[in-house]
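Colleague: Kindly return the folded structure for what I paste below:
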Amino acid sequence: MKNSEGNFDDMPVGEIISYEHFLYLLDTGREIEFYFNNKEYFIGHHKEGRVLWQKQIQLSDYYNGDNRILLDTFKIESVTLRELINKEHLKISTVF
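Modeller: Numbering: from 1, shown residues only. This next block holds a predicted model:
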């Protein structure tokens with residue numbers, strides 16, 4: 001939910017969120033755990049860049065750059081994160 005300044009100030013644990021809200025969390029440096037098809041995934045923020053994990057399996061290369069491109073590049077089961085978010089297939093479990 002956006003506040004009066006147009007920012008998202010809630011932590012959406014257990015919820016499905018919009019693409020804009022997911023992008024905002026990434027743009028503000030957050031790390032995000034989420035579920036897709038009953039599996040937990042994690043987008044970490046390391047000194048080498050952002051990376052997508054499923055348990056201890058690294059699913060992407062490290063990426064430094066525009067988070068919109070990240071969401072168009074990182075994939076789960078051959079589907080981009082942007083598409084999974086827009087189709088409301090991801091459920092947030094934790095935001096760090």
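
Colleague: need the next SSE after the helix or strand containing R50, C-terminal direction.
Modeller: Using DSSP states H and E, R50 falls within strand 49-54. Toward the C-terminus, strand 49-54 is succeeded by strand 57-58 as the next helix or strand (DSSP H and E).

Colleague: Spatially, what comes nearest to H45 if we skip its sequence neighbours?
Modeller: Excluding its sequence neighbours, the residue lying closest to H45 (Cβ to Cβ, 6 or more residues apart in numbering) is E31, at 5.2 Å. For every residue, glycine as well, the C-beta is placed using N, CA and C.

Colleague: quick one, what contacts the one you found?
Modeller: E31 makes contact with F42, I43, G44, H45, V95, F96, according to Cβ atoms under 8 Å, 6 or more residues apart in numbering.

Colleague: any idea which helix or strand carries the third one?
Modeller: Think G44. Judged by DSSP H and E, G44 forms part of strand 39-46.

Colleague: That strand to strand 49-54, inter-axis angle?
Modeller: Interaxial angle, strand 39-46 versus strand 49-54 (axes from the mean of the first three to the mean of the last three Cα atoms, to 10 degrees): 160 degrees.

Colleague: picking that back up, who does the strand holding R50 touch, helix- and strand-wise?
Modeller: strand 39-46 (3 or more Cβ pairs under 8 Å, 6 or more residues apart in numbering; DSSP states H and E).

Colleague: tell me the mean pLDDT over the strand it packs on?
Modeller: Throughout strand 39-46, pLDDT has a mean value of 97.

Colleague: circling back to that earlier point, quick one: residues in contact with the strand holding G44.
Modeller: Contacts for strand 39-46 (Cβ under 8 Å, 6+ apart): 26, 29-35, 50-55, 59, 62, 74, 76, 93.

Colleague: Going by length in residues, pull out the top helix of the chain.
Modeller: In the chain, taking DSSP state H as the definition, the longest helix is helix 19-27.
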